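Task: produce atomic coordinates for the following.
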Amino acid sequence: MLTDYMAAFDNSYQEIYQKTLVSKSVMNTRFEAKLKFGESVERVSYNIGAVRVRDVVRGAASTIDAITDTTQLLEINIEKEAVFYISDGESTQAGPLNPGTEIGAKIAHKVAQDLDARCFAEVTNAANTFDEGDLTTGVSNGTPITLSATTVPQMTSRMSAKLTYKENIQTATNMVFAVDSYSAAMIEQYLMGKDIDIAGSVFKNGYAGVIRNAAMIVSENLLSSAVMTFSGVNVDTKTIVINGVTATSQATVNAAGGYDVKGTADAAGDSLVALLMNSDGNAAGTGTASTYFEFTAADRETLDDANLTAVNDSGVVTITGAGRLVISEDETNGAVTANTVHCYFGKRGAIDLVVQDLSPVDMRKTDDRRGTNVFSSYLAGIKTFTDGGKQFLNVKIAAV
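Purely as a prediction, here's the structure:
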């Protein structure tokens, strides 16, 4: 029975992985066949900035300029898994509608999404960004682009120009533009008739058509970031809502999702980060009762599914996650000052990915109960080398 189950569903899980892994069409897998878990590949990056084109003085010694180099490593150091249990009783009662079909498909999708998000998060290692400032001046100003009938044509026409100008990439071939579905829909709306098909993209590993000289692909696992800036102390009962999960300032921290009212903006930021980054699953937890009160299990799952992280710098809390963040607040002394989707524009193969093992299904009979544990896992390494970072842009689009 176990053998039959694996034969029946192994291929379907593999199809789910490949369909969800939109990023793999962007990555460079040149080292994939060579490396194993725990191994690494070392590359030397050369800097020729000091080498100048000089006049030749006949009879005089030439000026020898120095080339510097740095060593960079790609390590196979990411090991992730998702496991679920199916009892024999569930399988028997379900008959031909084996519960492993639906459950396994969802788990396989989660695992693939996790890897996809980690790949697209490398966009922050781009040597150059592209944002609102680049639409008219060619200089980034840190403000994400609000897509409109005016900005979409400006953006799509000027991204290649920036890569050419900044990094001297003269051959604008094999280019890709990775966006999420909302951004793609806006681009389609304002560039109607440009051979873009958002509706059909789900059937083509994210491919949606050609924008200028780049293949546009659609993924919901792009890196997003939002900035919550405290201008003063946080106020009792005020809230911040992230992807439907509510964090509440509490003078007395005694309810799920509560974080302490503090005396300064910086301390308020620390308190919020402590709540968002806690994952021990306890109520207040030892030593945390005066700072935060853990979210409910359902809310924590929502944040974990988004790979949510948060850091505070003097009351400015930067929250990042996989996929577009939906965030709002009613703080008296604080505001969300930016909500950004980080899109990839540039050459295919600029980021190196090694997926050493992508195991769609590993099924093991349990020893202490009647049933089967089903494992989905992967081993991988991801690296943006210095020369690769010069071949793509971190395109910042406002999540509105």
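
Quick check: residue 384 vs residue 320, distance?
Distance from residue 384 to residue 320, counting by CB to CB, to the nearest Å: 16 Å. In this view, the C-beta of every residue, glycine as well, is placed from N, C-alpha and C.

no no, residue 349
25 Å.

what's around the residue nearest to residue 370 when sequence neighbours are not counted, how many residues?
Once flanking residues are discounted, residue 370 sits nearest to residue 88: 4.3 Å by CB to CB, 6 or more residues apart in numbering. Residue 88 has 14 neighbours, counted by other CB atoms under 10 Å.

Name all residues that make contact with residue 88.
Counting by CB atoms under 8 Å, 6 or more residues apart in numbering, residue 88 makes contact with 370-372.

What's the separation between residue 343 and residue 258?
As for residue 343, its distance to residue 258 is 35 Å (criterion: CB to CB).

More neighbours: which of the two?
More crowded of residue 343 and residue 258, by other CB under 10 Å: residue 343, with 27 against 24.

Tell me if that one really is in a helix.
No - Residue 343 is assigned strand when assessed by DSSP: H, G, I helix; E, B strand; the rest coil, not a helix.

Need the pLDDT of the closest residue to it other than its chain neighbours.
Nearest residue to residue 343, sequence neighbours excluded (CB to CB, 6+ apart): residue 395, at 4.2 Å. If you check residue 395, the pLDDT there is 97.

circling back: and the residue nearest to residue 370, how far is that from residue 310?
In terms of CB to CB, residue 88 sits 43 Å off from residue 310.

Also residue 178?
Applying CB to CB, the value for residue 178 to residue 310 is 24 Å.

between the two, who's got more neighbours?
residue 178 (29 against 20).

Residue 227: neighbouring residues, count only.
Neighbour count of residue 227, defined by other CB under 10 Å: 15.

which residues are in contact with stretch 238-251?
For stretch 238-251, with CB under 8 Å, 6+ apart as the criterion, the contacting residues are 226, 228, 234-237, 255, 257-261, 268, 272, 275-276, 293, 295, 299, 302-303, 306, 308, 319, 321, 325-332, 334.

Drop anything exposed from those.
226, 228, 234, 257-261, 268, 272, 275-276, 293, 295, 299, 302-303, 306, 308, 319, 321, 325, 327, 329, 331, 334 (16 or more other CB atoms under 10 Å).

what's the closest non-adjacent residue to residue 146?
Closest to residue 146 by CB to CB, 6+ apart is residue 398, at 4.5 Å.
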